[in-house]
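**Student:** I'd like to go over a predicted model; first the sequence, then the structure.
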Amino acid sequence: MTQTVGTLVILGASGDLSSRLLLPAVGQLLSNHPERRFRLIGAGAEEWSDAKWRSTLRASFKTVKASGPAVDELLNGSRYLSVDVTKPDDLQRIFDLCEGAPALYFALPPAITAKACEALAKLTLPEGLTLALEKPFGTDRRSAVALNKRLATLVPEERIHRVDHFLGNSTVLNLIGLRFANSILEPVWNGDHVQSVDIVYDETLGLEGRARYYDNAGALMDMIQSHLLQVLAVVAMEPPSALDATDLRDAKATVLRATRIWRDDPLVASRRARYTAGTVEGRKVPAYTNEPGVDPSRNTETLAELTVEIDNWRWAGVPFTLRSGKALGSRRREILVTFKPARHIPRGLRGHNEPTMLRIMLAPDAMSLELNINGPGDPHEIERVALSAEFGPGLLLAYGEVLEGILDGDPSLSVRGDTAVEMWRIVTPVISAWKKDDVPLQTYRAGSSGPASWKHIG
Ligand SMILES: NC(=O)C1=CN([C@@H]2O[C@H](COP(=O)(O)OP(=O)(O)OC[C@H]3O[C@@H](n4cnc5c(N)ncnc54)[C@H](OP(=O)(O)O)[C@@H]3O)[C@@H](O)[C@H]2O)C=CC1
Ligand SMILES: O=C1O[C@H](COP(=O)(O)O)[C@@H](O)[C@H](O)[C@H]1O
């Protein structure tokens, strides 16, 4: 551990991300690493007292059973400031409370983050300042470019953490281990052997009171433009020499630069849908358009599918389909690599000739290789089996891993500025086509597997 940060400041501390994901991660990190010490300041628009903030901290820490002297010390010394983060004076008040080098974590809607960065530009910034920005980074390609430019005037790139918690996810690191610590996978990890790759993140969760953010984002921006393209980058990248920030981020950037929507045609490459009323896991879910805070005229999709191709030697012609949606009947989080079917099965063998499939489940962390083998009974009969294994669970929650990177000044797992822009470049033609209504917004019943007309993946 080489912690460079003395004070972690959460901007947007009264929001959902903070209490549900960030604060538990802080508690878990300190329980697992009691040698760590840093100050925590919460800053948000709500008029909270220090006491109310500390009771929020306690409640969040309880969810992960965080305890120990480091946790108690942080709790007792933690302060809350009621601020407007778009005002330079308010930001200065925060800096005045910091000890050591501060890290500002923007747990804010993207438009407010951009305004807060403008406000920072009016201040003399503290030595060693680190900035951590949540996804989505900007609201489109242009705003991402502008935000990068602004950030570059504030701190050096290595102290900017564009957070994508899927990259804090041990499974993504497991994926790198699986791909590159075995010599049998890489020779077939290309378009000569792979027929298609699907990255699916179906959630049973609905809107969960997040209309203010989600109704302006939708499934494409919320999940595909950020998380799933990052997963694609790790699945498809060339082998990095090391897991360090330069090698890893160069490898991801190269593959994303080669990525474009399938056939350059949003009508072929994308589909979108929105849920109607239904029942999910025994819970009644109202139609998305009847959720509090939703403006139906925005036509926000809650399920999106995007197929891309990667213009390079390894992957040319292989469709990569990314899909994510809310209020679906069952949770499914997996990367599915479908290999080409065997060219010829000797006459005399009967039964399956389905392609070999490698499923990598993102949570719970597991994998399964589906093969055709001679099953029990008649040895001429080919049957389907799955060889399964579990990845070891990570030591920390995904956000704990993200926070570790921020506190220790290691940006390996964060998204680099050029890559953040590239991810917007990939989805821009789809966003434009959807705005013009060129791709119909279909519907699916909450609790179903999506619109009946959509082909099932895998
Ligand atoms: N929630 C989640 O599961 C995840 C969220 N994210 C990302 O995190 C970010 C925040 O999301 P989320 O927490 O859900 O959103 P919320 O709306 O719950 O929280 C945003 C917080 O920012 C505060 N805020 C808004 N404007 C200002 C301002 N000018 N000054 C000070 N505080 C302000 C809000 O205060 P008030 O309510 O008083 O306006 C609120 O507390 C988004 O970019 C989202 O994409 C990423 C991964 C998961
Ligand atoms: O960033 C987000 O991610 C979550 C899904 O991630 P998980 O780790 O909680 O499974 C998603 O529900 C949310 O809409 C999105 O903003």
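**Tutor:** Structure received. Numbers count the residues shown, from 1 in each chain. Ligands and ions are numbered 1, 2, ... in the order given.
**Student:** Which elements pack onto the host helix or strand of Gly177?
**Tutor:** Assigned by DSSP states H and E, Gly177 falls within helix 170-180. Helices and strands touching helix 170-180, by 3 or more CB pairs under 8 Å, 6 or more residues apart in numbering; DSSP states H and E, are helix 229-236, strand 357-362, strand 365-374. Where C-beta positions appear, they are placed from N, C-alpha and C, glycine not excepted.
**Student:** Return the most buried member of the ones you listed.
**Tutor:** helix 229-236 (a mean of 24; mean count of other CB atoms under 10 Å).
**Student:** what's next to the helix or strand just after that helix, contact-wise?
**Tutor:** Downstream of helix 229-236, the next assigned helix or strand under DSSP H and E is helix 245-257. Helix 245-257 has contacts (CB atoms under 8 Å, 6 or more residues apart in numbering) with 158, 229-230, 232-234, 236-242, 310, 312, 410-413, 415-416, 418-419, 422-423, 426.
**Student:** List the buried residues for helix 245-257?
**Tutor:** Neighbour-count burial for helix 245-257, counted by 16 or more other CB atoms under 10 Å, picks out Ala245, Leu248, Arg249, Asp250, Ala251, Lys252, Ala253, Val255, Leu256, Arg257.
**Student:** tell me what the next helix or strand along the chain from it is packed against?
**Tutor:** Moving toward the C-terminus from helix 245-257, the next helix or strand (DSSP H and E) is strand 259-261. Applying 3+ CB pairs under 8 Å, 6+ apart, we find strand 259-261 packed against strand 303-310, helix 417-435.
**Student:** Drop anything exposed from the contacts of helix 245-257.
**Tutor:** 229-230, 232-234, 236-237, 240, 310, 312, 410-413, 415-416, 419, 422-423, 426.
**Student:** check those against ligand 2, which are close?
**Tutor:** For ligand 2, no contacts are drawn from the buried ones among the contacts of helix 245-257 by CB under 6 Å from any ligand atom.
**Student:** Please parse this structure into its domains.
**Tutor:** Per automatic domain parsing, the structural domains of the chain span 7-134, 167-395+413-445.
**Student:** how near is the residue in the chain that ligand 1 sits nearest to to Arg210?
**Tutor:** Closest residue of the chain to ligand 1, CB to the nearest ligand atom: Gly15 (2.1 Å). Distance, Gly15 to Arg210, by CB to CB, to the nearest Å: 10 Å.
**Student:** Double-check that Lys65 belongs to a helix.
**Tutor:** No: Lys65: not assigned to a helix; according to DSSP: H, G, I helix; E, B strand; the rest coil it is coil.
**Student:** which residues does whichever residue of the stretch 151-300 of the chain sits closest to ligand 2 contact?
**Tutor:** Going by CB to the nearest ligand atom, ligand 2 is nearest to Asp222 of the stretch 151-300 of the chain, at 4.8 Å. The neighbours of Asp222, taking CB under 8 Å, 6+ apart as the test, are Pro136, Tyr214, Ser324.
**Student:** Can you tell me the SS state at it?
**Tutor:** Put simply, Asp222 is helix when judged by three-state DSSP.
**Student:** Leu369 and Thr356 touch, don't they?
**Tutor:** Yes: Leu369 is in contact with Thr356 according to CB atoms under 8 Å; the separation is 7.2 Å.
**Student:** before we move on, the earlier item: closest one to Arg150 among the domains of the chain?
**Tutor:** Closest approach to Arg150 among the domains of the chain (CB to CB): domain 7-134, 5.0 Å.
**Student:** quick one: the closest one near ligand 2?
**Tutor:** No: Domain 7-134 lies out of reach of ligand 2 by CB under 6 Å from any ligand atom, never closer than 7.3 Å.
**Student:** on that earlier part again, could the contacts of Asp222 go into CSV alongside secondary structure, pLDDT and distance to Gly100?
**Tutor:** Formatted as CSV, the contacts of Asp222 follow (DSSP: H, G, I helix; E, B strand; the rest coil; pLDDT from 0 to 100; distance: CB to CB, whole Å):
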residue, secondary structure, pLDDT, distance to Gly100
Pro136, coil, 91, 30
Tyr214, helix, 94, 36
Ser324, strand, 98, 39
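**Student:** returning to that earlier point: so the residue of the chain closest to ligand 1 sits against Ile112, correct?
**Tutor:** No: using CB under 8 Å, Gly15 makes no contact with Ile112, being 10.4 Å away.
**Student:** Which of these two has more residues huddled nearby?
**Tutor:** Higher neighbour count among Gly15 and Ile112: Gly15, with 20 against 16, using other CB atoms under 10 Å.
**Student:** got the contact list for that one?
**Tutor:** Residues near Gly15 by CB under 8 Å, 6+ apart: Gly44, Ala107, Leu108.
**Student:** Report the buried residues of stretch 146-160.
**Tutor:** By 16+ other CB under 10 Å, the buried positions in stretch 146-160 come out as Leu147, Asn148, Leu151, Leu154, Val155, Arg159, Ile160.
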